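Asker: A structural model of the following input is requested.
(one chain, ligands or ions: 1)
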Amino acid sequence: MSTSGDRARTPNRRWAGSDFQDPPRTAGGVALCGACRAASACRLGVERERLDEAGTAWFDVSCPHEQEGGPNVAHGGWTASVLDECLGHVPLLNSTLSVTAELSVSFVKPVPVGRPLRVRAWVEKREGSRWYISGEMTLLPGRAVLARASGIWVTRDTGHFDRHERWLAEQDASATSSG
Ligand SMILES: CCCCCCCCCCCC(=O)SCCNC(=O)CCNC(=O)[C@H](O)C(C)(C)COP(=O)(O)OP(=O)(O)OC[C@H]1O[C@@H](n2cnc3c(N)ncnc32)[C@H](O)[C@@H]1OP(=O)(O)O
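Answerer: Numbers count the residues shown, from 1 in each chain. Take a look at the predicted model:
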């Protein structure tokens with residue numbers, strides 16, 4: 001029988017050390033997170049990404065039909081997730097591993113499902129290990145703003161996830177010993 005402690009010690013074969021700064025990408029250049037590697041596609045609907053010369057990141061995105069909330073419009077959780085993903089790719093596009101520490105989203109208009117959308121993301125400033133990143137989602141064609149986001153990403157070394165596994169194992173051990 002598998003326990004949560006066993007899971008913490010099981011190597012995750014979808015990851016290799018170099019993946020953290022240079023993850024596998026789709027033909028459209030989209031960096032793939034752990035679960036999306038099996039699908040070889042971004043399950044959130046990010047289809048293409050690129051960094052321009054000015055340092056702005058551009059993403060072609062479409063809300064998958066299974067993320068429908070109200071009639072023909074995206075669940076707000078999808079909008080927040082895809083903005084987290086896109087803004088979080090800005091450090092990655094600069095070969096830097098980071099995690100989201102804070103994220104704020106403004107839902108400006110309902111987001112239609114299955115329509116081409118664009119996300120643009122840029123660095124406002126960097127302070128120590130903190131990257132302050134902003135972005136917005138627009139409808140295509142045209143440039144109507146549907147959502148805006150800003151947040152703080154904190155750079156990590158490649159030991160981040162191993163430290164987390166050790167912390168989780170300690171939590172399990174102390175929960176077991178305290179009954
Ligand atoms: C890989 C390929 C994938 C492939 C593609 C995948 C792309 C995914 C894109 C989406 C990204 C995500 O969703 S990431 C997943 C969601 N996020 C997480 O799991 C993060 C969970 N939280 C944490 O791990 C931690 O709380 C941290 C790392 C954020 C902070 O840890 P910590 O232990 O407090 O670290 P500490 O050294 O004290 O702080 C480090 C620095 O962060 C600052 N800091 C800490 N917390 C905050 C905060 N809430 N707001 C502002 N700043 C903060 C501190 O002031 C400090 O600045 P200074 O003094 O150093 O300047």
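Asker: For the residue sitting nearest the centre point of the chain, which non-adjacent residue is spatially closest?
Answerer: The chain has E85 as the residue nearest its centroid, 2.4 Å off, counting by CA atoms, centre = their mean. Excluding its sequence neighbours, the residue lying closest to E85 (CB to CB, 6 or more residues apart in numbering) is L44, at 5.6 Å. Yep, even glycine has a C-beta here, placed from its N, CA and C like the rest.
Asker: Identify the residues contacting the one you found.
Answerer: Counting by CB atoms under 8 Å, 6 or more residues apart in numbering, L44 makes contact with 61, 64, 67, 78, 81-82, 85.
Asker: one more time with 6 Å
Answerer: Under the criterion of CB atoms under 6 Å, 6 or more residues apart in numbering, the neighbours of L44 are 81-82, 85.
Asker: elements contacting the host helix or strand of R126?
Answerer: Of the helices and strands defined by DSSP states H and E, R126 is found in strand 117-127. The criterion is 3 or more CB pairs under 6 Å, 6 or more residues apart in numbering; DSSP states H and E, and the helices and strands that strand 117-127 contacts are strand 57-61, helix 76-93, strand 130-139.
Asker: looking at these, which is closest to R148?
Answerer: Go through those one by one with CB to CB and the one that ends up closest to R148 is strand 130-139, at 4.7 Å.
Asker: Paired strands for that closest one, with orientation please.
Answerer: Paired strands of strand 130-139, with direction, are strand 117-127 (antiparallel), strand 145-155 (antiparallel) (DSSP bridges).
Asker: After the last one, which helix or strand is next?
Answerer: This means strand 145-155. The first helix or strand that comes after strand 145-155 along the chain, using DSSP H and E, is helix 160-177.
Asker: Whether that next one contacts the ligand - can you check?
Answerer: No: contact of helix 160-177 with the ligand is not found when judged by CB under 6 Å from any ligand atom; the minimum separation is 6.9 Å.
Asker: Pull up the residues of the protein that are close to the ligand.
Answerer: Within the chain, the positions near the ligand by CB under 6 Å from any ligand atom are 19-20, 23, 31, 33, 84-85, 88-89, 92, 97, 99-102, 127-130, 152, 154.
Asker: now with 5 Å?
Answerer: By the criterion of CB under 5 Å from any ligand atom, the positions of the chain lying close to the ligand are 20, 23, 31, 33, 84-85, 88, 99-102, 128-129, 152, 154.
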